[in-house]
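*Asks:* Please work out how this folds:
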Amino acid sequence: MSSRYNFDASFFSASPSIPLEFAVSAEDNIRITLISDAPVCRNKEAIVVGTSLGDIVNVVCSVDADPTVTTFKWVLNNSVQSLIVPAEKYVVLNATTSILGYKLISNRDFGTLTCQTSNAIGVQRAPCTFFVVKAGQYQ
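*Replies:* Here you go, the predicted structure:
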């Protein structure tokens, strides 16, 4: 989305190491472009969650999104199957964060959890990824 504005303004750098100063007058035409995109995971790399059978872990999925997120989807992938986590197993705190309360009951509960979101622009390209491993196993 682009809009054209005429205004008077001066811009100064917030960092003293970046010398920047210029002025805009009412005669100058400024083009402002607002960029919207599908959500992206705040963690750029996968997170390792070390835990034990019987433990309950809270896995936090946070994304950056503009416009805000409309859906969260959690999936567990293990060596046997891929399971969509029911919505009652996680909460959405705000439009950008979901917390999954995950209890490990059997060895099949270890695996990869993913959290994928969507907004009005589209589906998150790369889901947030969490490797759930036995405590002390990951080096």
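*Asks:* For burial, what's the neighbour tally of F110?
*Replies:* By other Cβ atoms under 10 Å, the residues close to F110 number 18. From N, CA and C alone the C-beta is placed, and that goes for glycine too.
*Asks:* can you tell me which residues contact the closest residue to it other than its chain neighbours?
*Replies:* Excluding the flanking residues, the one nearest F110 by Cβ to Cβ, 6 or more residues apart in numbering is V132, at 5.3 Å. Counting by Cβ atoms under 8 Å, 6 or more residues apart in numbering, V132 makes contact with V49, T51, V57, V59, Y102, L104, D109, F110, G111, T112, L113.
*Asks:* swap the cut-off to 6 Å and go again
*Replies:* V49, F110, L113 (Cβ atoms under 6 Å, 6 or more residues apart in numbering).
*Asks:* Show me those residues that map onto helices.
*Replies:* Counting by DSSP state H, no part of these is found in helices.
*Asks:* just to revisit the earlier point, from the chain's centroid, how far away is the helix or strand harbouring the residue nearest to F110?
*Replies:* Taking DSSP states H and E as the criterion, V132 maps to strand 128-134. Taking Cα atoms, centre = their mean, to the nearest Å, one finds the center of strand 128-134 at 16 Å from the center of the full chain.
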